[in-house]
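S.K.: Sequence plus the predicted model coming up.
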Amino acid sequence: METFDYVIVGAGSAGAVLANRLSQNGARRVLVLEAGGSDNKIWIQIPLGYGKVFHDARINWKYTTEPVPGLGNRQSYWPRGKVLGGSSAINAMVYVRGHPRDYAEWNAVAPGWGWEDVAPLFHRMEDWDGPASAGRGQGGPLPVHDVADEVHPLTHVYLEAARQAGILTNPDYNGPDMEGACTYQINTKGGLRASTARSYLKPVRRRPNLDIRTKAHVTRVLFDGKRAIGVEYRHNGHRKTVHARGEVILSGGAINSPQLLQLSGVGPGRVLQDHGIPMVLDAPHVGRNLQDHLGSDNYYISKVPSLNQALRPLLGKVKAAVHYALMRKGPLSLSLNQGGGFVRLSEASQGPDLQLYFSPVSYTRAPIGVRPLMTPDPFRGFLMGFNPCKPTSVGHLQIKSPDPFVAPEIHPNYLDTEHDRALMIAGTRLLRQIADTDALRAVIESELLPGADVQTDAAIADYIRQEAWTVFHQCATCRMGRDPATAVVDPQLKVHGLDGLRVADASIFPSIPTGNTNAPAIMVGEKASDLILQSTKV
């Protein structure tokens with residue numbers, strides 16, 4: 001059996017960081033096992049190409065939830081990255097640190113994770129190309145690009161409309177104050193996606209003490225009593241095992257990490273018993289506390305050209321491709337989420353209640369959940385969207401089978417609370433307030449969806465049940481906390497009740513952060529590497 005000091009399961013947003021940081025000392029042997037393959041694909045590297053990989057099973061786990069009662073028993077499609085870089089290789093690239101209240105919540109159950117603890121890690125990992133600020137990092141491994149001067153003209157109309165609606169423009173929502181309308185900062189550099197594979201793995205792949213194996217699907221963690229000693233995985237049809245002299249670190253994400261724990265005998269006793277899995281530890285919270293952001297969009301027919309006219313026609317596609325090939329500029333170099341912001345609805349709120357999105361494009365003729373980003377609607381259109389920042393509905397996931405290649409059973413439990421249902425209605429009404437300003441009235445021909453006949457709270461709620469869907473921010477299924485009665489891992493990310501095993505990815509979030517989850521997941525990788533190196537004996 002091969003032996004390494006550290007075995008990292010998953011080369012995604014956090015796992016790639018761990019691979020980089022733990023291998024800096026050439027004396028430690030580090031193995032990374034990634035179920036997916038290389039990220040060396042053109043539609044991964046082109047920023048707008050993420051629409052092309054939305055349903056690509058070669059690099060996407062393509063999860064589907066069970067029917068959701070709060071969505072009229074619709075299922076929800078959850079793309080997750082199955083590739084080097086994980087979901088950072090297929091996401092919309094929006095970079096959001098989160099709000100200090102998020103980390104106050106974390107620190108209350110896991111000391112050492114407050115804003116004053118994590119802010120230096122965000123600073124360390126950033127290579128911010130916007131206006132210099134003491135609070136923003138420069139020279140770090142992760143590019144963060146300021147797109148304010150590159151967005152579509154309709155995005156500036158949106159910002160003016162938000163201002164007219166009483167929402168001030170914020171030039172840096174990752175700076176001292178998060179609230180306000182904004183253009184979104186994205187993880188790109190030189191017109192290319194800056195995933196963690198590109199930012200953290202590519203520069204160090206030739207280190208002799210770092211072994212990165214792709215198409216290596218880990219099927220279970222191996223234990224000697226209560227100590228993790230290695231993992232078993234499938235590679236090219238063969239079952240293989242490796243030994244960890246120091247630690248096994250799970251970085252598979254909010255779905256794969258709890259699934260692997262349960263397959264390995266660590267999880268709710270009843271679930272393990274039902275599937276005939278020998279129990280290593282009865283850990284009832286593995287797979288529980290599932291949280292996500294649920295979004296809803298309003299679509300508008302425009303009086304002026306939108307990105308639909310730039311991307312839909314064949315000539316438009318050719319022009320965009322040539323512009324990108326020659327200059328690494330234009331719509332292909334950006335995310336479609338060009339504008340947005342963070343809004344507090346009440347003075348009593350401790351932080352933003354809603355996150356807003358503005359995209360100068362529409363694709364209403366696509367099936368729900370499909371993102372044909374290079375083939376938008378044939379008419380002039382754009383959309384505004386939102387999601388509640390701190391939803392209170394909580395779901396769970398569990399294995400369906402002892403077969404590690406069978407996807408887990410996922411119950412997101414969207415809109416289970418009155419708090420969340422009320423915020424969805426309030427968000428829809430706020431979008432209409434923004435649309436009813438002089439700035440946007442000048443460019444809107446009509447509201448296409450929900451439509452003029454959808455006015456009452458009941459009608460809006462029905463629209464949301466039919467149309468709302470995930471914003472792809474799944475987290476918290478291996479919750480961190482001091483108390484083993486309510487948490488899966490402790491503040492050092494060690495699995496309660498076990499030795500030699502940590503979890504480091506978005507699954508350890510005690511609660512969902514305000515905003516997109518990729519930056520906090522990368523931060524967890526940075527924090528985890530510090531914790532491991534501080535306690536290492538190898």
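M.R.: On my side now, so go ahead.
S.K.: what about His473, neighbour count?
M.R.: The number of residues packed near His473 is 26, by other Cβ atoms under 10 Å. All C-beta spots, glycine's among them, are computed from the backbone N, C-alpha and C.
S.K.: nope, Ala485 is what I meant
M.R.: Applying other Cβ under 10 Å, I find that Ala485 has 9 neighbouring residues.
S.K.: Please report how far it lies from His285.
M.R.: 9 Å (Cβ to Cβ, to the nearest Å).
S.K.: What residue, apart from its backbone neighbours, is nearest Trp128 spatially?
M.R.: Arg136 (4.2 Å; Cβ to Cβ, 6 or more residues apart in numbering).
S.K.: now do Tyr50
M.R.: Ile90 (5.5 Å).
S.K.: where does this structure have low pLDDT?
M.R.: The model of the chain has pLDDT under 70 over residues 367-371, 537-538.
S.K.: could you pull out the helices for it?
M.R.: For the chain, applying DSSP state H gives helices covering 15-22, 42-45, 100-109, 115-125, 153-164, 196, 253-263, 269-274, 307-311, 314-327, 418-435, 438-441, 457-467, 518-535.
S.K.: what angle separates the last one from helix 15-22?
M.R.: The one in question is helix 518-535. 30 degrees (axes from the mean of the first three to the mean of the last three Cα atoms, to 10 degrees).
S.K.: Distance-wise, check the closest residue to Asn73 other than its chain neighbours relative to His55.
M.R.: Using Cβ to Cβ, 6+ apart and skipping residues adjacent in sequence, the residue nearest Asn73 is Pro67, 4.1 Å away. Look at Pro67 and His55: by Cβ to Cβ, they are 20 Å apart.
S.K.: can you count the residues close to the spatially closest residue to Ala27 that is not a sequence neighbour?
M.R.: Using Cβ to Cβ, 6+ apart and skipping the chain neighbours, the partner closest in space to Ala27 is Asn209 (7.4 Å). Neighbourhood size, Asn209 [other Cβ under 10 Å]: 17.
S.K.: Equivalent analysis for Gly276, please.
M.R.: Neighbourhood size, Gly276 [other Cβ under 10 Å]: 7.
S.K.: which residues does it contact?
M.R.: Pro402 (Cβ atoms under 8 Å, 6 or more residues apart in numbering).
S.K.: same check, this time on Tyr200
M.R.: Ala16, Val17, Ala19, Asn20, Pro141, Leu142.
S.K.: which of those residues sit farthest apart?
M.R.: Ala19 and Leu142 (14.3 Å; Cβ to Cβ).
S.K.: And the longest strand that the chain contains, what's buried?
M.R.: Longest strand in the chain, counting residues (DSSP state E): strand 238-250. Judged by neighbour count (16 or more other Cβ atoms under 10 Å), strand 238-250 contains these buried residues: Lys240, Val242, Ala244, Arg245, Gly246, Glu247, Val248, Ile249, Leu250.
S.K.: And stretch 392-410, by the same measure?
M.R.: Neighbour counts using 16+ other Cβ under 10 Å place Ser393, Val394, Gly395, His396, Leu397, Gln398, Ile399, Pro404, Ala407, Pro408, Glu409, Ile410 of stretch 392-410 among the buried residues.
S.K.: cool, and stretch 189-206?
M.R.: So, applying 16+ other Cβ under 10 Å, buried residues of stretch 189-206: 189, 191, 193-202, 204.
S.K.: quick one, what contacts the residue nearest to Ala162 when sequence neighbours are not counted?
M.R.: Counting by Cβ to Cβ, 6+ apart, the nearest residue to Ala162 once its immediate chain neighbours are dropped is Ala181, at 3.6 Å. Contact analysis of Ala181 by Cβ under 8 Å, 6+ apart lists Tyr158, Leu159, Ala162, Arg163, Ile167, Leu168, Thr169, Asn170, Gly339, Gly340, Gly341, Leu356.
S.K.: What residues are bridge-paired with Ala181?
M.R.: Beta-bridge pairing for Ala181 (DSSP bridges): Thr169, Gly341.
S.K.: Can you give me the separation between it and Pro131?
M.R.: For Ala181, the distance to Pro131 - Cβ to Cβ - is 18 Å.
S.K.: what's the neighbour count on the residue lying closest to Leu307 once chain neighbours are set aside?
M.R.: Leaving aside its sequence neighbours, Leu307 sits nearest to Val361 (Cβ to Cβ, 6+ apart; 4.0 Å). A count of neighbours around Val361, defined by other Cβ under 10 Å, yields 22.
S.K.: surely Val361 meets Gln309?
M.R.: No. Counting by Cβ atoms under 8 Å, Val361 stays clear of Gln309, with 9.8 Å between them.
S.K.: contacting residues for the nearest residue to Gly98 once chain neighbours are set aside?
M.R.: The shortest distance from Gly98 to any residue other than its chain neighbours is 3.8 Å, reached at Pro513 (Cβ to Cβ, 6+ apart). Counting by Cβ under 8 Å, 6+ apart, Pro513 makes contact with Val96, Gly98, His99, Asp102, Cys475, Pro520.
S.K.: Does the first one touch Ala521 like I think?
M.R.: No. At 11.3 Å, Val96 and Ala521 do not qualify as touching, with contact defined as Cβ under 8 Å.
S.K.: The two - which one has more neighbours?
M.R.: Using other Cβ under 10 Å as the criterion, Val96 and Ala521 rank with Ala521 on top: 30 against 22.
S.K.: My read is that the more buried one contacts Ala504, right?
M.R.: No. Using Cβ under 8 Å, Ala521 is not in contact with Ala504; the gap is 9.0 Å.
S.K.: shared neighbours of those two, anything?
M.R.: Contacts common to Ala521 and Ala504, judged by Cβ under 8 Å, 6+ apart, are Ala14.
S.K.: ok, back up a step: what's near enough to touch the residue nearest to Tyr50?
M.R.: Ile44, Tyr50, Val53, Phe54, Ile59, Asn60, Pro79, Gly81, Val83 are the contacts of Ile90 under Cβ under 8 Å, 6+ apart.
S.K.: most surrounded residue in these?
M.R.: Most neighbours among the contacts of Ile90, by other Cβ under 10 Å: Val83, with 30 neighbours.
S.K.: Neighbours of Gly481, how many?
M.R.: 22.
S.K.: how near is the residue nearest to it when sequence neighbours are not counted to Val503?
M.R.: Residue nearest to Gly481 in three dimensions, not counting chain neighbours: Ala487, with 3.1 Å by Cβ to Cβ, 6+ apart. Noted for Ala487: a distance of 11 Å to Val503, by Cβ to Cβ.
S.K.: neighbour count winner among those two?
M.R.: Val503 (29 against 22).
S.K.: any idea how far the more buried one is from Ala27?
M.R.: 25 Å.
S.K.: Identify the residues contacting the residue nearest to Leu307.
M.R.: Counted by Cβ under 8 Å, 6+ apart, Val361 has contacts Ser306, Leu307, Asn308, Leu311, Leu336, Leu373, Pro376, Gly381, Phe382, Leu383.
S.K.: Quickly list what the last one is bridged to.
M.R.: Taking DSSP bridges, one finds Tyr299, Ser359 as the beta-bridge partners of Leu383.
S.K.: Is Arg97 in contact with Gly175, as I believe?
M.R.: No. Using Cβ under 8 Å, Arg97 makes no contact with Gly175, being 9.5 Å away.
S.K.: Please identify which of the two sits among more neighbours.
M.R.: A side-by-side neighbour count of Arg97 and Gly175, using other Cβ under 10 Å, places Arg97 first with 29 against 15.
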